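A.B. asks: Fold the following, please.
(2 chains)
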Amino acid sequence: MKKTFIITTLVEHKPGVLSKVSSMFWRRNFNIESIAIGAAERKDLARMTIAVKGEERDAQRLIGQLEKLVDVLKATILNPEDAVIRELALIKIRTANSRIRSDVFNYVEAFRGRTVDLSPESIIVELVGNRSKIDAFLELTKKFEILEVSRTGETALLRGPGSVKLND
Amino acid sequence: MSRMSGAQALIKALEKEKVEVIFGIPGGQIMPIYDALLDSKIRHVLARHEQSAAHMADGYARASNKAGVCMATSGPGATNLVTGIATAYLDSSPVVAITGQVPTSQIASDAFQEADIIGITTPITKYNFQPRSVEEIPKIVNAAFYLASTGRRTPVLIDIPRDVQSEIKKVDFAEKFIIRGYKASPKPDPLKIKKAAELIFKADKPFILAGGGITNSNAFRELKELAELLMAPVGTTLMGKGCFPEDHPLSLGMVGMHGTKEANYFIMKADVLLAVGCRFSDRTTGKLEEFSPDAKVIHIDIDPAEMGKKRDVDLDIVSSADKAIDALIEILKQKMKKKESKWQKRIKELKDRFRNEINDSKGISPPKLLKLLREALPLEAIVTTEVGQNQMWAALNFKAIKPRTFISSGGFGCMGFGFPAAIGAKVAKPDVPVVDIAGDGSFRMTENSLATSIDENIPVIVVILNNSVLGMVAQWQRLFYNRRYSAVNLGDNPDFVKLSESYGAKGKRINSLDEFTDTINKALKEDVTTVIDVPIDPEENVFPMVPAGRSLKEIIE
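C.D. replies: The predicted structure is shown next:
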C-alpha cells in the first residue's frame, strides 16, 4: 500500500551534499514529497528529513541508496507514532476588507496559527503542524485569495529519550 | 612536512599509493601536473582520446586487481573520460580519474574549457573531490584510492583547479581524510548465514549464480569449494565469467539473454538459487517475474542497495562474497555428504547434449573460431571484448578458465571498450598475451589506440569479426523488425590490414579457420600489435538468444 514515509538522515554538513543526495532521488526514481535540511546537534552534521511516497519496499530501497552515499552517515525510517513530525507554512492571504480579515483570523485561531505580518491588504499566517493539518487549512481557506504559500517540508524527531544519532 | 606544489603533492601521493602507470592526455589546465610527472618514476601512457584512457585504466584495474588511474585536462578532456568512467562504474571497477579544472577564481564563470565535472560524474562515481587547497591533496588521494578499491568498487574522481596545482605550500602526508559515512566491508550476519545454510542443505536442486563480486573479492577458491561441496551447478553472469573455471564439470557457462542453453534451462528449474556478487541485471534474468520461479533466493552482495532492488529475495546477506561463502562452507561441510542426486545426473546428461551443438555458418563460423582461439592461447592469456555480437560469441564460446582472463563491458555495454582495455590489461600483465575480440563497428570507435599500442610498445592482438555491419543491431532488425535494416551497414572501408600497417602494426586478413590458427600462432610470437581481419557472414546470428523482456525459457536457437 502506498503511503508517505518519513526518513530521517544525518549527513555531512558541507557544501555539495544536498545536491549529491537530491540528485540521487531523481536518478533512482523516488517520489519525494519534501526535503527539510538544517544543522543538527553537532556543527559538523546536518539532519535531513525526507518524506517519500511509496510502498514499504520503496522506503527500504531509499534507505539502501541513501546509506550508499559516502556523505550520508545514517538513514532511518521513522514510525509516525514514535515521532514528532512538524512542518511550518507561511501563507499570505489577500484581505480586501475587514470582514474577510476577521474571517481569516477565525481560521487562524481554530488552527492555532499566528499572524506574523499584517498590512492593509494582506496578512501572513504562520502555521505549524503535520502535513495534513496544513493541507486542511489550505483547503478550508481556498475561498479566500491566497497570494503565496511557502512550506518547509516535514521535519521530525524521535519521541522520548531515544535518538537517531551517530554510532548507534 | 615539506614545501611543494599541489602538482608535486599529487604525484607524491600517487607514488605512496604505489601507482605504476597513468593513462592520459595533457591539456591546458593540467600542465603543472604533467610537469611534475616528469620527475616521477610513474609511467605515463599517452592515449589518443580520453575515453580510451579511461578504458585503459579500467582494463588495467580488472586485469591486475589494483586501481587504475587515468588523467585528463578540464572541459572536453574531462567529459571525454565520462563514458569510460560510466563503463567502470556499471562493472564495479576501481578507476581513479584525475582531471584538471580552471583556476578557483574562474570556476562557475563559464571559463574556457570549464565543465562541472563534479556535477557530471556524481551519478557514476562513488565519490568525487575538488581540493581547494594544496594541503588537502594527499589525504584526498589517499581517500580516493581507499573508496575506489574497497566495498563495492567504483570509479572516484579528483578534480584539481589549476591554481591549486601550482601553489606551493607545506604539505603533511600523514593526515587522513575522514570518511565516517562509509562502510567498507560489512561482515555477513551469522544468523542469516545459518538460515542460508539450512535452505541450501534442504535443497534438492541448488543452483549457484556467480557474478563479478566473486572476482572483486578473490573468492575463487571459496566458490569452487562450495560448488564441489554441494555438487551444485554454477552459472555466471557476464561479469562473473572466469570466476569459476568453465572447463569444470559443474560449470554451465553464462546465464541470460545470450546464456548457454544448459545454464538457462537449469536456473529456471532450481529450488534454491544462491546468487553471489551479482545484481539481477535484466540481461541476466530476462523477464524478472518469471526468473527462476520456484527458487528460494539467497542474495549475497557487498552493496546493501542491491538488496531487493530488482527481485524480492528470501534471504539477503550483505557481505563480500569471500567472507559469506567461507561462513557458509564452515557450516555446510559438517552436514553435507557427497552423493550424486537426480538433479546432478540430469545436468550431466543434458549438458553434454547441449554442448555439442553449433549451428552451421556460411563462411567462417565465429563460434568455431573462438574455440580455436581458446586452443591457441595459454590459460593465463587475457581476452577482452568489444560490445555486440563479437562479445556474445566470445562469452558463449570462449571458455574462461582462470580468474580475470575475460574482460568485457557488461553493465554499460560500451562499444570501443575492448581495444583500449586490452592495452591497459597488457600494461598490467606484460608477460601474458592479450587478445581483443572485436567487431568492425566497435573497433572503429577506438581504433586510434593503435597509435598508443605502437608508440608505447604495448603489443596486443585484435581479432576483428568483420561483417561490415553493426551486427547485433542488424540481428535485432532481422529478428524483430522484419529485416528492415536501418543504418547498420558500415561498408567495406577501411581496409583494416592497411590501416593497421599505417600505424606500424601488423595486419593480416584470413579466409579460413586453418589460416586463423596459423595467424594467431604467429601473432603470439610478434612483439608488435597484430590486427587480424576475419570476414564473416553479415547474416550470422548469435544463438541461443532470449528476446529482451522474455522469460529465459523462450530461447531462440
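
A.B. asks: mind giving me the domain ranges of chain A?
C.D. replies: Residue ranges for the domains of chain A, per automatic domain parsing: A:3-78, A:85-155.

A.B. asks: Go through those and name the closest to chain B.
C.D. replies: domain A:3-78 (3.8 Å; C-beta to the nearest C-beta). Backbone N, C-alpha and C define where each C-beta goes, glycine included.

A.B. asks: For residue B:453, which non-adjacent residue is spatially closest?
C.D. replies: Once flanking residues are discounted, residue B:453 sits nearest to residue B:529: 4.5 Å by C-beta to C-beta, 6 or more residues apart in numbering or on different chains.

A.B. asks: Let me fix that, I meant to ask about residue A:87.
C.D. replies: residue A:154 (4.7 Å).

A.B. asks: Let me have the domains of chain A in a markdown table, adding mean neighbour count, distance to residue B:84 and mean pLDDT as columns.
C.D. replies: Listed next are the domains of chain A as a markdown table, based on neighbours: other C-beta atoms under 10 Å in any protein chain shown; distance: least, C-beta to C-beta, whole Å; pLDDT from 0 to 100:
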| stretch | mean neighbour count | distance to residue B:84 | mean pLDDT |
| --- | --- | --- | --- |
| domain A:3-78 | 18 | 20 | 93 |
| domain A:85-155 | 15 | 38 | 96 |
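
A.B. asks: Tell me which of the ones you listed sits nearest to residue B:382.
C.D. replies: Residue B:382 lies closest, by C-beta to C-beta, to one member of those: domain A:3-78, at 30.7 Å.

A.B. asks: now check the closest one, is it near chain B?
C.D. replies: Yes: residues of domain A:3-78 contacting chain B under C-beta under 8 Å from any C-beta of the partner chain: A:11-12, A:16, A:19-20, A:23-24, A:27, A:57, A:60-61, A:64-65, A:67-74.

A.B. asks: one step back: next, give phi and psi for the residue nearest to residue B:453.
C.D. replies: phi -60, psi 140 (degrees, to the nearest 10).

A.B. asks: related to what we said a few turns ago, isn't the residue nearest to residue A:87 right up against residue A:85?
C.D. replies: Yes: assessed by C-beta atoms under 8 Å, residue A:154 is found in contact with residue A:85 at 5.3 Å.

A.B. asks: joint contacts of these two?
C.D. replies: A:6, A:130, A:131 (C-beta atoms under 8 Å, 6 or more residues apart in numbering or on different chains).

A.B. asks: Put together TSV for those, with secondary structure on each row.
C.D. replies: Output for the shared contacts of residue A:154 and residue A:85, formatted as TSV (DSSP: H, G, I helix; E, B strand; the rest coil):
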residue	secondary structure
A:6	strand
A:130	coil
A:131	helix
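
A.B. asks: For the residue in chain B that chain A sits nearest to, give me its contacts.
C.D. replies: At 3.8 Å from chain A, residue B:305 is the closest residue in chain B, using C-beta to the nearest C-beta. Listed by C-beta under 8 Å, 6+ apart, the contact set of residue B:305 reads A:61, A:64, A:65, A:67, A:68.

A.B. asks: Which members of those are positioned in helices?
C.D. replies: With DSSP state H as the criterion, helices contain A:61, A:64, A:65, A:67, A:68 from among the contacts of residue B:305.

A.B. asks: now what about stretch B:42-53, what contacts it?
C.D. replies: So stretch B:42-53 is contacted by B:11, B:14-15, B:19-25, B:34, B:37, B:56, B:70-72, B:77-78, B:80-81, B:83-84, B:416, B:419-420, B:423, B:427, B:446, B:448-449, B:451-452, B:455-456, B:458 (C-beta under 8 Å, 6+ apart).

A.B. asks: Can you tell me which of these are buried?
C.D. replies: For these, a burial check counting by 16 or more other C-beta atoms under 10 Å in any protein chain shown picks out B:11, B:14, B:19, B:21-25, B:34, B:37, B:56, B:70-72, B:77-78, B:80-81, B:83-84, B:416, B:419-420, B:423, B:427, B:446, B:449, B:451-452, B:456, B:458.
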